[in-house]
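**Q** Fold the following.
(one chain, ligands or ions: 2)
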Amino acid sequence: MRILGIESSCDETAAAVVEDGTKVLSSVIASQVDEHKLYGGVVPEIASRRHCENICWVVSQAMEEAGTTLDALDAIAVTYAPGLIGALLVGVNFAKGLSLASGKTLVPVHHIKGHIAANHIAHPTLQPPYICLVASGGHSHIVRVRSHTSFEVLGRTTDDAAGEAFDKVARVIGFPYPGGVQIDKAAQNGNPDAYRLPKPHAAGPYDFSFSGLKTAVINLVHHAQQKGETIHPDDVAASFQKTVCEILVDKLMRAAQDYGLDVVAVAGGVSANSGLRALLEKEASRRGMQLYMPPLPLCGDNAAMIASQGYYELLDGRWAGADLNAAASMDLERDNESYRK
Ligand code: KG4
Ligand code: ZN
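**A** Ligands and ions are numbered 1, 2, ... in the order given. Okay, here's the model as predicted:
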């Protein structure tokens, strides 16, 4: 089955053609990061406008690189939630137009489920059930993946997402947007034990709270500046990264143990972090668990993961009509139930 995926939930306009959920025939990504960098973060209105300008050529290029025609497609999968509403609407409306014109089935895909599906592209042998840590710019979840289309959120962040904390801390240290990757680089030259940072308590056993940790780093930097002391950005980055990674991995492993599962995975932009990947490998092997991680090009936003998840959703009888709307927020559980015919 050949599916065209379309993704426009944040600052990447992406399209891809994927066969049977795992074989990527093409994957095109137009990133707007250089423009948003000027403002220190994503400007929603600029993102929507760039999606408008880019979506036609991105989809055409994905179709061309895959050597496919609209006729040869089985369905069009599109991210409809969650994300920036104006950005999502561009992809959703484009996919609706294409579906109406071609008569191809329209499949709505939840962005976070797409991130998780990146693991199925890279590791076709990975089968649910397993526990997945999702850490992106907007979300931090511990998810029980019951099947390819049924997901239970066991824990979530009660304030900032992990990626958001990376980006905010990066800004205070003086690194450009997007900060996560800058912290990752700087941390490689820093001492992770240079600063003792707090691990804030969160409500549930698998919940996260990162705002206290972020504030601790901000205070550390400001106090040092006030006293005229020198702060070592590499050491701050390494100490912060170590603390975040320990929190994320601890909750993931705890959930897997409590639910009697020895298969774990990670997904989302932060899963590209080298410190997180190293700690996951160490802890999974210490516990004799099987660990799955997406390769770096599939960690961030892309449309191959949307086409892949679209395949599993379509097999499960999910599709939408011309009334499909975008949604800025959408629980994974609510998404499990919607648009299933
Ligand atoms: O999944 P994603 O591409 O977009 C969302 O769905 O939000 O995640 C973007 C987030 C940003 O906060 C970015 O700083 C973070 O992922 N990120 C990283 C790394 N690469 C991207 N964080 C830490 N280390 C990295 N290497
Ligand atoms: Zn994402």
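**Q** Which strands and helices lie in contact with the helix or strand containing residue 143?
**A** For residue 143, the enclosing helix or strand under DSSP states H and E is strand 140-147. With contacts taken as 3 or more CB pairs under 8 Å, 6 or more residues apart in numbering; DSSP states H and E, strand 140-147 sits against helix 111-122, strand 130-135, strand 150-156, helix 233-258. For glycine as for every other residue, the C-beta is placed from the backbone atoms N, C-alpha and C.
**Q** out of the ones you listed, deepest packed?
**A** Ranked by mean neighbour count, the helices and strands packed on strand 140-147 are led by strand 130-135 with a mean of 28 (mean count of other CB atoms under 10 Å).
**Q** Mind checking the helices and strands packed on strand 140-147 for the one nearest to residue 38?
**A** Shortest separation from residue 38 across those is recorded for helix 233-258, at 21.5 Å, computed as CB to CB.
**Q** average pLDDT across that closest one?
**A** Helix 233-258 carries an average pLDDT of 98.
**Q** what angle separates that helix from strand 150-156?
**A** Helix 233-258 runs at 130 degrees relative to strand 150-156, counting by axes from the mean of the first three to the mean of the last three CA atoms, to 10 degrees.
**Q** just checking, what packs against helix 233-258?
**A** Using 3+ CB pairs under 8 Å, 6+ apart: helix 233-258 touches strand 130-135, strand 140-147, strand 150-156, helix 162-173, helix 179-187, helix 211-226, strand 263-267, helix 274-286.
**Q** and the first one, average pLDDT?
**A** Per-region confidence: strand 130-135 scores 98 on mean pLDDT.
**Q** Dump it to CSV, keeping only the CA atoms.
**A** What follows is strand 130-135, C-alpha atoms only, in CSV (Å, rounded to 0.1, in the frame of the first residue of the first chain):
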residue,chain,number,x,y,z
TYR,A,130,5.9,-1.6,24.4
ILE,A,131,6.5,1.6,26.4
CYS,A,132,7.6,4.7,24.5
LEU,A,133,9.1,7.9,25.8
VAL,A,134,8.0,10.8,23.6
ALA,A,135,10.1,14.0,24.1
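**Q** and it, is it in reach of ligand 1?
**A** No - against ligand 1, strand 130-135 shows no contacts by CB under 6 Å from any ligand atom, the least distance being 7.5 Å.
**Q** Which neighbouring elements make contact with that strand?
**A** Strand 130-135 packs on helix 111-122, strand 140-147, helix 233-258, strand 263-267, going by 3+ CB pairs under 8 Å, 6+ apart.
**Q** Are there helices or strands packed against the first one, and which ones?
**A** Taking 3+ CB pairs under 8 Å, 6+ apart as contact, the helices and strands that helix 111-122 lies on are strand 2-7, strand 75-81, strand 130-135, strand 140-147, strand 263-267, helix 304-315, helix 332-337.
**Q** now the shortest one
**A** Packing contacts for strand 263-267, counted by 3+ CB pairs under 8 Å, 6+ apart, involve helix 111-122, strand 130-135, helix 233-258, helix 274-286, strand 290-292.
**Q** Quick check: buried residues in that strand?
**A** 263-267 (16 or more other CB atoms under 10 Å).
**Q** Show me what it is in contact with.
**A** If you take CB atoms under 8 Å, 6 or more residues apart in numbering as the criterion, strand 263-267 is touched by 112, 115-116, 118-119, 126, 129-136, 145, 252-253, 256, 276-277, 280, 284, 289-294, 299.
**Q** Contact partners for residue 70?
**A** Applying CB under 8 Å, 6+ apart to residue 70 gives the contacts 63, 98, 101-102, 104.
**Q** Restrict the residues you listed to the buried ones and give me that as a ChimeraX selection.
**A** In ChimeraX syntax, the buried subset of the contacts of residue 70 is picked out as below (16+ other CB under 10 Å):
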select :63,98,104
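**Q** Would you check which pair of the contacts of residue 70 lies furthest apart?
**A** With CB to CB as the measure, no two of those lie farther apart than 63 and 101, at 13.4 Å.
**Q** would you turn the helices and strands packed on helix 111-122 into a markdown table with distance to ligand 2?
**A** Shown next, in a markdown table, are the helices and strands packed on helix 111-122 (distance: least, CB to the ion, whole Å):
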| stretch | distance to ligand 2 |
| --- | --- |
| strand 2-7 | 8 |
| strand 75-81 | 9 |
| strand 130-135 | 9 |
| strand 140-147 | 12 |
| strand 263-267 | 9 |
| helix 304-315 | 9 |
| helix 332-337 | 14 |
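**Q** what's the domain layout of the protein?
**A** Domains of the chain are assigned by automatic domain parsing as 2-116+299-338, 128-296.
**Q** measure the shortest one end to end?
**A** So that's domain 2-116+299-338. Using CA to CA, to the nearest Å, one end of domain 2-116+299-338 lies 23 Å from the other.
**Q** now swap in stretch 278-293 and tell me
**A** By CA to CA, the extent of stretch 278-293 from end to end equals 11 Å.
**Q** Deepest-packed of the helices and strands packed on helix 233-258, please.
**A** Counting by mean count of other CB under 10 Å, strand 130-135 has the highest mean neighbour count of those, with a mean of 28.
**Q** Just checking: what are the partner strands of that one?
**A** strand 140-147 (antiparallel), strand 263-267 (parallel) (DSSP bridges).
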